[in-house]
Structures are given as C-alpha cells and as structure tokens.
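Undergrad: the following block contains a protein sequence and its predicted model.
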Amino acid sequence: MPKQQKLNILFIFTLFCLLFFIYKNGLNGPFIFDDTSNIISNSLLRIDNLSFYSLYNSSLSGSAGPLKRPVAVLSFALNYYFAGGYVASIFKLTNIIIHCLNALLVYLLCFQLFKRINTTPNTNIAFLFASGVSLLWALHPINLTSVLYVVQRMTSLSTLFSLGCIILYLCARNRWLSQGYTWRVGCLFFASLTSLLLALFSKENAVLTPLIIILIELLLYLKEKPWSVINRLTKQQQNLGLVVIGSLFIATVWWAIDYASGGFNNRPFTMLERVLTESRVLCFYLSLILIPRINGFGLFHDDIALSTSLFTPWTTITSIIFILGLLVTAFYYRKKNPLFALGIGWFFIGHLLESTFFPLEIAHEHRNNLPSIGIIIAVFSLIPLAKLETKKVIISIVFVALILGSTTWLRSKQWGNYQSLAYYEAKHHPNSPAIQALLSNAAHQAGDIEIATEAIKKAMTLEPNETAYALHYQNILAIHDQKIPNALQVETLRRLEHNRLTPSTQLALDQIAGCLKKEVCAPLRKNYLEWINVVIKKAPTHAVYYYMKGKAQRASGDILGALNTFQQAYDISPNFLHPLFEMADILIRLNQLEHAEQVIGWIDIANEKTHLRRDTELKQIKDILNKIKKAKSREQPT
C-alpha cells in the first residue's frame, strides 16, 4: 500500500475516533424543542415493517419546509424501526456518523480544490491543506447543534449530499477536461444531480449548491471549455447574455421577496428589520468561527437585538461595511488567491436563504454547517504552507484543533442531560427568553417549582410579544397543584388577543390540549376554553383550533359540544383526519354504532385524499367497531 494511502487511512481513522470521543458525552442527552413536533409527535414515523408503502408514507409525513424534507424524515423512521422506539442515543449516534462522513467529504473536496489550483501539487502540502481544513471543521463547536440536536439531521444530511454533489461534479469536470466527454463523465454528472436532489429533499437550502459550483467554475475553470467558447463571442453577444442573466436574477429575487413577504405576519419583526439584523448576525457567526468562545455558543440566539435602522444599533452599518469590504477583498484577490475568494463566496452563498429576507428566526448556529467550510478554506488559503516548516504547521494545526475539540467536548458534556443543558444555556444566555423557558421546563421536570416559575416569569418579561410563555406558566402551576392567579389569566388572554399566533404559541396550545384529559391538567380546562375561543375569533378558518377546542370540551365533560366542534373542524377541512378520529371514538364509547360507522366512512374518504395516510389507526378503529358489533349480535336472541 502506498505511503500516501496509508496516511489518508490513518488520518480518517483518527479523526473518526476523535469525533466519537468528543461527542459521546452528548449521546445520553434528550430530544429537545423541535424534536418533539418533528419526530416524537409524528405517529407516521413509528413504522413496524420495511414495506415500500410504510416507508413511503413515513417519508412524506414531515411538516418542515415546502418540500417536507422526505430524505431526513425517512431516516428518522428507520432510526425508530431499528432502535425499537424513540431512543435518543441511537438518533444522536446516527447524527455523529453523518458528521464523520461529512468530515471525510470535506477532506476529499479539499484535495480536489488544492490539486486544481496546483497543476503539480506537492502531495505533503495537499495533505496538510485537506487534513487541516477537515480536522478543524469537524471539531469546531459551531457544528455541535447539527450533531446533538436530532432534528438538525436535516441540515447535516443536506451538507452530506451537497458535498457529494460538488465532489462528483468536480470528478466529472476534471475527467471531461482530461479524457473528453465519455459515458463515465455522463454517469458522474448524473450522480452529482442525484446527490443534489437528495440534498434538496433533506433541506431546501441545498438549492444554493449550484451557486457554489458556479463560483468554483468562475474561479478555477474560467479558461476551460465551455467558458473558452464564451470568451470567443463578440462583445455584443456577451452583453446580451449578461442582460438575460441579470434579468433572470432580478426576476428571481423579486419573486423570492414576494413569496417571503407573507410569512412575516407571525414574526415579531419586519422584512427590513430582519435584513438589517442579519448583517450583524453574519458578523456574529464569523466571530464564532474565527474566535470560538464557549459562552458565545447557544441553542437559541433570540437575545440578539433587532436592527431597526442602519444606525440602531450603530453596529448595523459597521457590519454592512465590513461584509462589503470582505466581499470586495475576495473579488480583488480572486486571481492571486482563488481559494480565499472561493471560501468567502462559499460562506455568503451558504447564507443566502437563511440569513437574508426570508421570515425565519433571526439566528441559529446549525445554519453554518455548510457555510463554515468556506471560512476555514479561506483561512488556510492565507497560510503559505509551502514556505513554512511542516512540523511547525502540524503543531499549529494540532494546537488549534485541541482548542476547538476541547470546547466541543465541554459543550457535548453540557448536552448530556436536560438539566445540565438548560443550566449552562441559561448561564451563557441569561437574556434569552427561549432559554429561560428551557430552564423553566427543565426545573419543572426536576420538581423545582421555584426555579421553574421564576424562569418562565423572566421569559414573559423578556419577550412580552410571545404568548407561549404565559401558557406554559399556567401549565406549570396546574401540574404542581398551585393556584393560578386571575391576573395571570387576564394577561394570558390579553396576549392571545393582541400578539401574533406564533409557532411556539400554536405548539403550546396543542401540547396543553393533549394534557387536558389528565386529572393533573384539570385546573386548566376552563381557562383553556377561554384561550381557544379568543384564538378562534382571530383565526376562524383554521380547523386545527376547532380540533383543540373539541378536545378541551371533551375533557371538560361537554361531549355534545365536543362533537359539534369536531364537526365544525371537519366542515372547514374535510381532509383533516384528527377530529374525525375523535368523533368516531366518542360515538363508539356512547354505543352509537351507526353514527360511528358513518364517521369512519368519512375517514375512509378523507384518508384516500390525504398524503398523510393513517391506515394503521383506521384499521384499529374499524376492528374495535367490528368487535363490538359482533359481540352485540351474539347477545341478541335467535
């Protein structure tokens, strides 16, 4: 075996071992936050066989993003099947394996890029470059949430297939240049396209991958075909092409802005405020990548103040100037140092969806999983590896790796259990309302009512425009058998009436609705009906709120009212199955079998029309009905 091949294998093996060691402390951590709505609450992920029908249904059961992310969702279903349930450690272990594969792909990609800009590359220098970038990216604490926050597998899988797409494209491109267009080249291009589709169906920001490929083309292949053909066009033809491309670009941006504008109705900021704030957020991301500090990282970053103008706060304008300066510098040095230009461009391209004008939350670290590769490439491109002593370079890389790895190891340990995670997050981000809510929930689970109530009250104070915290406060008091002050109910109703119905509020309403049938949540039943009536008044065409009201009425003993409300939900959305199952269950329990059979017929029709089929639950309720009917027929005299 050649020496270089042995070195490659040794490096990859060592890197994988390091990653498993660093992240093993976090394996025992719980499912958190969006894991609940996307994984735990999704009954269609709970498959008991590997039939095509079962896998197909589960893959289409996602609710995140316009494409529903079926590749990532299918991986959750497979995890559930092979683990025998929702075993958090197995889900997290899968994420660690994906992160290892991503590190391997970064290593291979960096070899390709280095060889492209060095026609006769020094193998040792190429290895230093590729291994250094891969090692520092893999160990970097900014990637921790993409690994230990289970639902962010959507991000890491998108990174996996995006890197695969770029690597396969470059393989095809280089083979095309050296051997001409052969069937093997065509197969590689097709494989690259397939990988891109898998990336898109993992998470939609993979749509930016072709832009990274175009940037690579412009920086590293501009003198090759087909660009060489374009260079031979007349000035008039080139200008016409630029006009067409510019027009398409403007039309695309215009359409994207129009598409995004409707989503700000449920956000506490405007599109302009988000765009201005994201300039500071991008600089914040860069600071975390280049100068990592453990108290800067966090699960949430909702403690970042909004930019309401270019000068409020003043760091908005300085951030914009810095970003423009960085882009101008990269453009200026594009020929002298193409890898630096590529790295800077890679980072900003990677943030075009999640850090611009789309109505997403302001900041999340996992958004840097793919973009951060570009920054590390840019940093390494500034190091004169060929001129420095190899031992000194290795020592420097190992030193930085130790800092990054130890920080990630500490964060992984903090993520090892729910209480530890909440405590350290609150310590590092005391002014984050979401983290105060996290601390409250952790203390509530541990039975510490004092910390639980203090933290949730602080969250309410920090974010007066979020109703979910008031709902959670009442829920905590009820479960701990504490009196719910009338003033708190008045404040909750005020927030419901005047605040936006945010995703967090909707989730809180849904979770509490599920708890109302339990005796521990009985004190909330009257209050909940008041909440949901306010919500329905604000959103009278949303069937899900009638469904929640029906559950509250049923828990309160108002069976007839519940049936009528579930009927209203069905009338608004005939393909919404949840209220129909509730109606069928009530009617069976009331021994009104003919009416129950009629409702089950409605479920049959709706189940055929929806892509989220519930065949298992439908079969179960049919079996129950048939058993009761058979038992009644045997009781009748002959």
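TA: Okay, I see it.

Undergrad: secondary structure class for the residue lying closest to residue 326 once chain neighbours are set aside?
TA: Among residues not flanking residue 326 along the chain, residue 344 sits closest, at 5.9 Å (Cβ to Cβ, 6 or more residues apart in numbering). Yep, even glycine has a C-beta here, placed from its N, CA and C like the rest. Classification of residue 344 by DSSP: H, G, I helix; E, B strand; the rest coil places it in helix.

Undergrad: just give the number of residues close to residue 344.
TA: By other Cβ atoms under 10 Å, the residues close to residue 344 number 24.

Undergrad: do residue 398 as well
TA: The burial count for residue 398: 12, using other Cβ under 10 Å.

Undergrad: so how far is the helix or strand harbouring it off the chain centroid?
TA: If you go by DSSP states H and E, residue 398 is part of helix 390-414. Relative to its parent chain, helix 390-414 has a centroid offset of 27 Å by Cα atoms, centre = their mean, to the nearest Å.

Undergrad: need the pLDDT of the residue lying closest to residue 286 once chain neighbours are set aside.
TA: In this structure, residue 286 finds its nearest non-sequential neighbour in residue 375, 6.8 Å apart by Cβ to Cβ, 6+ apart. According to the prediction, residue 375 has pLDDT 98.

Undergrad: thought residue 375 was touching residue 348?
TA: No. Using Cβ atoms under 8 Å, residue 375 is not in contact with residue 348; the gap is 10.0 Å.

Undergrad: mind listing what the residue nearest to residue 326 touches?
TA: 326, 327, 329, 330, 374, 375, 378 (Cβ atoms under 8 Å, 6 or more residues apart in numbering).

Undergrad: scan those and report the most crowded one.
TA: residue 374 leads the contacts of residue 344 on contacts (other Cβ under 10 Å) with 25 neighbours.

Undergrad: hang on, the earlier thing: chain center to the helix or strand following the helix holding residue 398: distance?
TA: Per DSSP H and E, helix 390-414 leads on to helix 418-428 as the next helix or strand towards the C-terminus. Between the centre of helix 418-428 and the centre of its chain there are 21 Å (Cα atoms, centre = their mean).

Undergrad: quick check: phi and psi at residue 309.
TA: Torsion angles at residue 309 (phi, psi; degrees, to the nearest 10) stand at phi -160, psi 180.

Undergrad: where does pLDDT dip in the chain?
TA: 1, 119-121, 611-612, 635-638 (pLDDT under 70).

Undergrad: okay, which residue is most central for it?
TA: residue 152 (4.5 Å; Cα atoms, centre = their mean).

Undergrad: quick one: that residue and residue 144, what's the gap?
TA: 10 Å (Cβ to Cβ, to the nearest Å).

Undergrad: what of residue 15?
TA: From residue 15 to residue 144 the distance is 16 Å (Cβ to Cβ).

Undergrad: name the helix or strand for the residue nearest to residue 286, please.
TA: Here residue 375 is assigned to helix 371-381, by DSSP H and E.

Undergrad: can you give me the buried ones in that helix?
TA: 371, 372, 373, 374, 375, 376, 377, 378, 379, 380, 381 (16 or more other Cβ atoms under 10 Å).
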